[in-house]
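[1] I need the structure of the sequence given here:
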Amino acid sequence: MSERKYFVYELKKAIFAICCIALIMTAITVAVILTYRYTDIFGFQTAKPESGLDVMLFMGGLLAAVVPIWMLSYKMKKRSVDLYYALPLKRGQILRVKYLLGLIAVYAPYTVAFIFGIISAVIKYPLQAISESYYFAAYFASLPAMFCLYSIVSFVFACADRMLDGFVFVIFWMFAAFAVASVVAVFFHDVSPVMFAPISPLITIADYFSSFIEAHTLSSIGYGDAHLPNMTVGYILTGLQAVAATVLLFVTEPKSKTENIGGVSNSPFGYKVMIPLLTLCLFINIDIVDSVYSILLAVIVASLAFMVTALYKHTFKIGKVQTIIFVGSIVLGVALSIAASYITAAMYA
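    Numbering: from 1, shown residues only. Below is the predicted model:
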């Protein structure tokens with residue numbers, strides 16, 4: 001069996017599911033636009049039009065985050081891995097087929113829903129009520145943003161050895177850059193942590209272009225002076241993450257060990273690094289010095305850190321090494337939180 005024939009085979013298997021997804025996305029998009037209450041009396045609009053862009057990009061982002069899990073779930077069970085790896089294809093070829101098929105499963109339904117969304121808006125609203133030409137700019141701007149999300153989720157999910165661990169890894173990476181940026185924001189208030197999250201480009205595209213389509217202006221969005229630098233740096237970092245994730249996904253595939261499936265997920269892109277990193281970031285954002293309620297938050301964070309560590313090790317007996325890392329993260333987090341409180345108080349006194 002050649003890689004091309006295998007791709008055609010997998011596409012035929014997935015085509016029904018892809019069509020169902022496209023139908024659901026289209027139905028929701030069209031319903032949101034056509035059922036929106038809007039009247040235009042002698043050229044006077046009683047309400048701003050509804051472009052449907054928010055819901056379209058939300059569903060597109062959801063697809064970009066869920067489809068990789070669907071496509072790569074075969075790597076999480078020994079039986080399915082043995083079945084796939086018994087094919088007369090290399091591991092990289094199987095992964096490449098799954099990866100490309102996933103992109104089709106993301107972009108095809110999204111494109112269909114987008115086209116019918118534009119048609120619905122043109123039918124719904126009178127001439128000059130919306131600037132429909134910006135739909136096309138929004139569509140092409142959203143494609144690389146969805147690719148970034150798709151690639152990052154694909155890689156971090158594939159780093160796990162269990163389905164549940166894969167879900168947790170994805171959640172970690174959706175907040176990792178945000179958490180680190182939030183630490184920087186404690187000292188420099190102009191930093192906007194949300195701009196560093198992988199989902200942020202899609203949110204910005206939805207806000208930016210919907211304001212043009214619905215109101216013909218950006219006046220409804222209050223961008224500050226620090227918005228452009230935050231957006232530039234954040235989106236460049238997201239793009240670099242996506243490129244690195246794509247490369248690493250295929251580079252590490254031949255080295256993956258099937259005997260580890262179902263065991264402890266020891267990837268440095270998962271629990272091993274993310275638990276102490278996120279614990280430290282959360283503690284630094286808690287002002288333990290000035291608020292007694294922050295002590296409760298600190299206890300909750302420490303408890304969550306322990307529970308996730310137990311999930312990582314598959315037992316509450318997490319072992320000496322992990323206990324040292326856990327306790328060290330808590331102690332260092334408390335120390336950094338206290339230090340951050342005094343430093344920021346001195347900076348902004």
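[2] Report the buried residues of the strand or helix carrying residue 60.
    With elements taken from DSSP states H and E, the one containing residue 60 is helix 53-72. Within helix 53-72, the residues that qualify as buried by neighbour count (16 or more other C-beta atoms under 10 Å) are 53, 55-57, 59-61, 63-69, 71-72. Quick note: C-beta positions are derived from backbone N, CA and C, even for glycine.
[3] Pick out the most distant pair among the residues you listed.
    53 and 72 (29.3 Å; C-beta to C-beta).
[4] next structured bit after the helix holding residue 60?
    Next along the chain after helix 53-72, taking DSSP H and E as the criterion, comes helix 78-85.
[5] counting contacts, what elements does that following helix pack onto?
    Using 3 or more C-beta pairs under 8 Å, 6 or more residues apart in numbering; DSSP states H and E as the contact definition, the elements that helix 78-85 packs against are helix 91-124.
[6] Tell me which other helices or strands the helix holding residue 60 touches.
    Checking 3+ C-beta pairs under 8 Å, 6+ apart, helix 53-72 ends up next to helix 3-34, helix 91-124, helix 134-158, helix 163-187, helix 200-215.
[7] at 6 Å instead, please
    Using 3 or more C-beta pairs under 6 Å, 6 or more residues apart in numbering; DSSP states H and E as the contact definition, the elements that helix 53-72 packs against are helix 3-34, helix 91-124, helix 134-158, helix 200-215.
[8] could you redo those as JSON lines and give each row mean neighbour count, mean pLDDT and distance to residue 308?
    What follows is these, written out as JSON lines (neighbours: other C-beta atoms under 10 Å; pLDDT from 0 to 100; distance: least, C-beta to C-beta, whole Å):
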{"stretch": "helix 3-34", "mean neighbour count": "15", "mean pLDDT": "92", "distance to residue 308": "31"}
{"stretch": "helix 91-124", "mean neighbour count": "20", "mean pLDDT": "93", "distance to residue 308": "27"}
{"stretch": "helix 134-158", "mean neighbour count": "22", "mean pLDDT": "94", "distance to residue 308": "15"}
{"stretch": "helix 200-215", "mean neighbour count": "21", "mean pLDDT": "87", "distance to residue 308": "24"}
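[9] Could you verify that residue 299 is part of a strand?
    No: looking at residue 299 with DSSP: H, G, I helix; E, B strand; the rest coil, it is helix, so not inside a strand.
[10] picking that back up, so which of the helices and strands packed on helix 53-72 is nearest residue 242?
    helix 134-158 (3.8 Å).
[11] Roughly how far does residue 204 sit from residue 185?
    Residue 204 is 18 Å from residue 185, where distance means C-beta to C-beta, to the nearest Å.
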